[in-house]
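Asks: build me a model from this:
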Amino acid sequence: MPQNQPSHTHWPTELRLRKDRKALVVSFENGERFELPAEYLRVESPSAEVQGHHPDQRQLVGGKRDVQILEIHPVGNYAVRLVFDDMHSTGIYSWEYLAELGHDHEKRFSRYLDELKLKGMSREPLKRH
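Replies: Numbers count the residues shown, from 1 in each chain. From the prediction side, this is the model:
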C-alpha cells in the first residue's frame, strides 16, 4: 500500500471518555482495546507544537500528570481531535496513531519518564501562588 494512503487496518468500534476524564478508552474491530491516559495522550500529541516538523524539534512536555480531556471532536472518518483542560487542542489522533499509542504505551511512557528525569523536569503541574 502506498505510504501516503491510510491503511485503515485499525478501525474503532468505540471511543469512550472515562468519567473522570483522565483516560480515553479505544476499542477496535480487531478486538484490541486500549485505555490511554490523558497525560500520555497529551505528551504524545501528534501536533506540530509537540512533535515539531522534524524529529529533532520534538518538545518535551512536563507538568501534565493531572491533565484531563475536555472534548473529543471527530475529524472526517479517520481521526479525532482532543481538547485538553490546559487548552491544548491542535493534535489530530488518527485511528492508526491511537492503535500505535496503545501498542507502544509502556515503551513510550517509560522513554518519556526517562527524558523528564534527564532534563530535570517533572510530571507534576506547576503550583500557582
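Asks: show me which residues of the helix or strand bottoming out on mean pLDDT in the chain are buried.
Replies: Lowest by mean pLDDT, DSSP states H and E among the helices and strands of the chain is helix 48-51, with a mean of 75. Going by neighbour count (16 or more other CB atoms under 10 Å), the buried part of helix 48-51 is V50. Where you see a C-beta, it was placed from the backbone N, CA and C, and this is true even at glycine.
Asks: quick check, central residue of the chain?
Replies: In the chain, the C-alpha nearest the mean C-alpha coordinate belongs to L41, at 2.2 Å (CA atoms, centre = their mean).
Asks: and that one, what pLDDT?
Replies: Here the pLDDT value assigned to L41 is 98.
Asks: which SSE is immediately downstream of the least confident helix or strand of the chain?
Replies: Moving toward the C-terminus from helix 48-51, the next helix or strand (DSSP states H and E) is strand 69-75.
Asks: neighbouring contacts of that following strand?
Replies: Strand 69-75 is contacted by residues 15, 17, 21-22, 24, 38, 41, 80-85, 89, 92 when judged by CB atoms under 8 Å, 6 or more residues apart in numbering.
Asks: mind picking the two most distant members of these?
Replies: Using CB to CB, the two most remote members of the contacts of strand 69-75 are K22 and I92, lying 21.0 Å apart.
Asks: next, report how far stretch 60-70 is displaced from the centre of its chain.
Replies: Taking CA atoms, centre = their mean, to the nearest Å, one finds stretch 60-70 lying 10 Å from the centre of the chain it belongs to.
Asks: C-alpha coordinates for that stretch, CSV please?
Replies: Backbone C-alpha positions of stretch 60-70 (Å, rounded to 0.1, in the frame of the first residue of the first chain) are rendered in CSV as follows:
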residue,chain,number,x,y,z
LEU,A,60,9.2,17.5,25.9
VAL,A,61,6.1,18.5,27.8
GLY,A,62,6.1,18.2,31.6
GLY,A,63,3.7,19.0,34.3
LYS,A,64,0.8,17.1,32.8
ARG,A,65,0.1,14.4,35.4
ASP,A,66,-3.4,15.8,36.2
VAL,A,67,-4.4,16.9,32.7
GLN,A,68,-7.9,15.9,31.6
ILE,A,69,-9.6,15.5,28.3
LEU,A,70,-12.5,18.0,28.0
